[in-house]
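**Q** Generate coordinates for the sequence data below:
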Amino acid sequence: MRTNWRRPLWWFMGVTSLFLALMVALLIYLGKDREDPLAIADVAGVWQGSDGGRLTVRADGSADLERITRPGPDCGQSTDAPARSYTGLATWVYDTYPDERPGIRFDYQGSATAKPCKVYLVVFPQKDGAKGFLPHDPPGVSYVHSPGQQN
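**A** Coordinates of the predicted model:
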């Protein structure tokens, strides 16, 4: 009995080509979502909030936070505070808030219980300066970066 060896060969080549094309498409798709890592120049400086908040970020990992919305009452803040904002010292590290772009995380101690608090700044680097937002802020509040004004 004679078998036609060409048909299985063509099927094998077709399936292999389709598999390779799908893998290339997947790699291209995944490559588009990759962000360039943030640099010190992208975050160091003053971030002025549209709600009056201010973040002063220094290259040494320290920061001053002024009138920023606290992330919540479980952050070790006094519940009888007149406003839900924080002003004080913090440290920062590069971090990414879940489901957001890369940014930085501020860590500070709650004033009432010394419980650790975390505030995230999501950063959008742009040619004319970076912009960002705090995910726990009310909608519409944004921050604009001014490099080099660190006081």
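**Q** per-residue confidence at residue 126?
**A** Looking at residue 126, its pLDDT stands at 82.
**Q** Make 12 the first number, not 1, from now on.
**A** Will do, 12 is the new start, and the previous item becomes residue 137.
**Q** mind checking how far residue 153 is from residue 141?
**A** Separation of residue 153 from residue 141 (CB to CB, to the nearest Å): 11 Å. C-betas here are computed from N, CA, C, even on glycine.
**Q** higher neighbour count, these two?
**A** Shown here are residue 153 and residue 141; by other CB atoms under 10 Å, residue 141 has more neighbours (22 against 15).
**Q** and the longest helix seen in the chain, which residues are buried?
**A** For the chain, the helix reaching the highest residue count under DSSP state H is reported as helix 17-43. For helix 17-43, the buried set under the neighbour-count rule, 16 or more other CB atoms under 10 Å, is empty.
**Q** what ranges do the helices span in this protein?
**A** In the chain, the helices defined using DSSP H lie at 17-43, 51-54.
**Q** just checking, what packs against the last one?
**A** In this structure, helix 51-54 packs against strand 127-135, with contacts taken as 3 or more CB pairs under 8 Å, 6 or more residues apart in numbering; DSSP states H and E.
**Q** partners of the strand it packs on in the sheet?
**A** Neighbouring strands of strand 127-135 in its sheet, by DSSP bridges, are strand 113-120 (antiparallel), strand 142-144 (antiparallel).
**Q** re the thing from before, with distance to residue 112 and mean pLDDT as added columns, please give the helices of the chain in CSV.
**A** Output for the helices of the chain, formatted as CSV (distance: least, CB to CB, whole Å; pLDDT from 0 to 100):
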stretch, distance to residue 112, mean pLDDT
helix 17-43, 14, 85
helix 51-54, 11, 89
